[in-house]
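Peer 1: Just need the structure, nothing else, for what follows:
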Amino acid sequence: MGENGTIAARKRRAFTSNRHPFRRAASAWRLGLDGSWLSQYSRRVGSYRCCCDPSRWDYAFSNGLGCSLRNFIWRSRFGFGEVNALLFASDRGLKVPKVYGYGGINGAFNLRKAEFLIMQDLDNHTDIGQLLESNRRDQEECKSVLRRAVPLFMKLYESNCNHSDLNLGSILLSNDSCCDDYLLDFEFSKFHKAPSLELLMFHAGYFIDHCSDYLTEETTDWWFREVVEAIKTCDLPAEKHLKDRFNFHRDRYLLRRKKRMKVY
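Peer 2: Reported below is the predicted structural model:
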């Protein structure tokens, strides 16, 4: 066996060893264990925290799929697709978590039982939906929360990205610093050659309609103005035109994903 073959064999043995953090976490997930180095912290997205050293948390360990034949056929490469999208978004300058790898567990008949994404631990972050819900009685606090999200929307605009699924769980705000906020869920994103105000109004309108349970109409109007004022260009169309496009996309928030991906 040549040098490259020897290195590849070592990597395979290291990955299949129970000492590898991914394999350890996968084994614990399969057996239903909850050790000191593995604890579920987000039941909604099936995410876990894990590492080799119980005193230090290094990884977020995300379960992307359940066990179903439909998922196996149509989405058996969730891990690969999400990793690829996150790396591409990072290259475009978007604030996304660091990614360390992906993998999966096969069950009966070698069907994929679950897929996992191993990424930066964001346990000190809270998704924007939880923050809005906890402050729903104070619209000024809601505005403060939304104000922190504006730079992320501008990053999407400047990077020519159609995220296609900006919802209450796609934006994570740091509990420590507003400079450490992140965007998630880029698996179905599309990148274009030039910025698009239509896309920006789509992102702003689609997202804010997900927040409608927590916001007044006055706060929604404030959000629109805040986004428009952050646009760094001199040749803006009339505000009425932008507001019409904003309201148009607010009313279409139930569009299927394939149609949302075509907005540009």
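Peer 1: residues in contact with Pro151?
Peer 2: Shown in contact with Pro151 (Cβ atoms under 8 Å, 6 or more residues apart in numbering): 181, 230. Backbone N, C-alpha and C define where each C-beta goes, glycine included.
Peer 1: so what pLDDT did it get?
Peer 2: Turning to Pro151, the model gives it a pLDDT of 94.
Peer 1: Where does it fall, secondary structure wise?
Peer 2: Following DSSP states H and E, one finds Pro151 within helix 139-158.
Peer 1: Output that helix in CSV, but only the C-alpha positions, please.
Peer 2: Provided in CSV are the C-alpha atoms of helix 139-158 (Å, rounded to 0.1, in the frame of the first residue of the first chain):
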residue,chain,number,x,y,z
GLN,A,139,-42.6,46.8,21.2
GLU,A,140,-39.5,49.0,21.8
GLU,A,141,-37.6,45.8,22.9
CYS,A,142,-38.9,44.0,19.8
LYS,A,143,-37.5,46.9,17.7
SER,A,144,-34.1,46.5,19.5
VAL,A,145,-34.1,42.8,18.6
LEU,A,146,-35.1,43.5,15.0
ARG,A,147,-32.5,46.2,14.7
ARG,A,148,-29.7,43.7,15.3
ALA,A,149,-31.0,41.6,12.4
VAL,A,150,-30.8,44.5,9.8
PRO,A,151,-27.0,44.0,9.2
LEU,A,152,-27.6,40.4,8.4
PHE,A,153,-30.3,41.3,5.8
MET,A,154,-27.8,43.8,4.3
LYS,A,155,-25.2,41.1,4.0
LEU,A,156,-27.7,38.9,2.1
TYR,A,157,-28.4,41.8,-0.2
GLU,A,158,-24.7,42.6,-0.8
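Peer 1: and whichever helix or strand comes after that helix, what other elements does it pack with?
Peer 2: For helix 139-158, the succeeding helix or strand toward the C-terminus, using DSSP H and E, is strand 161-162. With contacts taken as 3 or more Cβ pairs under 8 Å, 6 or more residues apart in numbering; DSSP states H and E, strand 161-162 sits against strand 190-191, helix 197-210.
Peer 1: Export those to JSON lines and append columns for mean pLDDT and mean neighbour count.
Peer 2: Shown next, in JSON lines, are these (pLDDT from 0 to 100; neighbours: other Cβ atoms under 10 Å):
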{"stretch": "strand 190-191", "mean pLDDT": "90", "mean neighbour count": "16"}
{"stretch": "helix 197-210", "mean pLDDT": "95", "mean neighbour count": "22"}
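Peer 1: export the ones you listed to JSON lines and tack on distance to Asp127?
Peer 2: Shown next, in JSON lines, are the helices and strands packed on strand 161-162 (distance: least, Cβ to Cβ, whole Å):
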{"stretch": "strand 190-191", "distance to Asp127": "23"}
{"stretch": "helix 197-210", "distance to Asp127": "11"}
